[in-house]
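Participant: take this sequence and fold it.
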Amino acid sequence: MNTLQSTTTLHNGIKMPWLGLGVFLVKDGEEVVNSVKTALEVGYRSIDTAAIYRNEEGVGKAIAESNVPREDLFITTKVWNADQGYEATLEAFEVSMEKLGLDYLDLYLIHWPLPSQGKYVETWKALEKLYKDGRVRAIGVSNFKVHHLEEIIANCEIIPMVNQVEYHPRFNQQELHEFCKKHGIQLEAWSPLMQGGLLEEPTLVEIADKYNKSTAQVIIRWDIQTGVVTIPKSTKAHRIAENADVFDFELTQEDMDKINTLNLDQRQFADPDEFDKI
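Facilitator: Predicted structure coming up:
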């Protein structure tokens, strides 16, 4: 975990970078193209998008215009709720691939479990097919709780390789993290900085001053040392570079413990058992 290209190995042997760029709420066109190009120039190799972000075309354009070999990149997208179900998921995948301009994907995720529809097991079976057909190097889920994962494990052939969830010092999802570790599922953090809501937190400011780092850098470093892949989002070039500058220091166990005490089991966004937006 000592360079921006450092990777974790998923349970199927695929290597996934510890740090990536998330592009949630980044506008398609110039904004997302510039953000992704900046990240690739800085040295990022992992880019995380989703069908519902409506910026897959811009991500694809940035990838095509960059001089980074495709095999060095790790590209993630997600199937949206309206496309859950076996056939619909396979169709949605083709649409995403066309927009991205790619012939294979590194990671495909179910965006939300959407339990009100009861289709996520069927959706997962479509991901299994894409994986077996060699269209995707790894498959996983997003926003899945323990009981959703248990249902997948009980009814499907392949255990998810990744579970991407809301994760930050106020909501460290310890029970879920332990479950994922037990089953070889890599936890990945979205909204790791709580959308900036933790940047003035006194404990984090104190730790950041000690290392001559920003609070954002301390949080990202905490994620990585906790064994959680993280994908902070930014459109500002200096922030994209700053977020990646976390491989030249290491938090002590004492500082890790201090950050762990900030947990309030405080979810900032929707509860996956209740979120049913189509």
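Participant: quick one: the strands in the stretch 51-200 of the chain, in order.
Facilitator: Under the criterion DSSP state E, counting those that start in this stretch, strands of the stretch 51-200 of the chain are mapped to 74-79, 105-110, 136-142, 162-166, 186-190.
Participant: kindly state the beta-bridge partners for residue 190.
Facilitator: residue 166 (DSSP bridges).
Participant: hang on, the earlier thing: tell me which of the strands of the stretch 51-200 of the chain lies nearest to residue 3.
Facilitator: Proximity to residue 3 (Cβ to Cβ) singles out strand 74-79 among the strands of the stretch 51-200 of the chain, at 14.6 Å. All C-beta atoms are positioned from the backbone trio N, CA, C, and that covers glycine.
Participant: about what we covered before: could you dump the strands of the stretch 51-200 of the chain to CSV with distance to residue 58, mean neighbour count and mean pLDDT?
Facilitator: Output for these, formatted as CSV (distance: least, Cβ to Cβ, whole Å; neighbours: other Cβ atoms under 10 Å; pLDDT from 0 to 100):
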stretch, distance to residue 58, mean neighbour count, mean pLDDT
strand 74-79, 12, 25, 98
strand 105-110, 16, 25, 98
strand 136-142, 21, 24, 98
strand 162-166, 20, 25, 98
strand 186-190, 19, 24, 98
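Participant: tabulate those strands (CSV), appending distance to residue 203.
Facilitator: Listed next are the strands of the stretch 51-200 of the chain as CSV, based on distance: least, Cβ to Cβ, whole Å:
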stretch, distance to residue 203
strand 74-79, 31
strand 105-110, 32
strand 136-142, 29
strand 162-166, 20
strand 186-190, 19
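Participant: so which of the ones you listed is nearest residue 30?
Facilitator: Comparing the strands of the stretch 51-200 of the chain by Cβ to Cβ, strand 74-79 comes nearest, at 19.9 Å.
Participant: so the closest one versus strand 162-166, what angle?
Facilitator: 70 degrees (axes from the mean of the first three to the mean of the last three Cα atoms, to 10 degrees).
Participant: sheet-wise, list the partners of strand 74-79 with their directions.
Facilitator: Counting by DSSP bridges, strand 74-79 is paired with strand 46-48 (parallel), strand 105-110 (parallel).
Participant: same for the stretch of helix or strand residue 207 belongs to, what does it pack against?
Facilitator: Using DSSP states H and E, residue 207 sits in helix 202-211. Helices and strands touching helix 202-211, by 3 or more Cβ pairs under 8 Å, 6 or more residues apart in numbering; DSSP states H and E, are helix 215-225, helix 253-260.
Participant: count of residues packed around the residue lying closest to residue 120 once chain neighbours are set aside?
Facilitator: Closest residue to residue 120 apart from its sequence neighbours, by Cβ to Cβ, 6 or more residues apart in numbering: residue 113 at 4.9 Å. Residue 113 sits with 29 neighbouring residues when counted by other Cβ atoms under 10 Å.
Participant: ok, now residue 260?
Facilitator: Neighbours around residue 260, by other Cβ under 10 Å: 13.
Participant: touching, residue 272 and residue 147? I think so.
Facilitator: No. Contact criterion Cβ atoms under 8 Å: residue 272 and residue 147 do not qualify, at 10.0 Å.
Participant: so those two - more neighbours on which side?
Facilitator: residue 272 (21 against 12).
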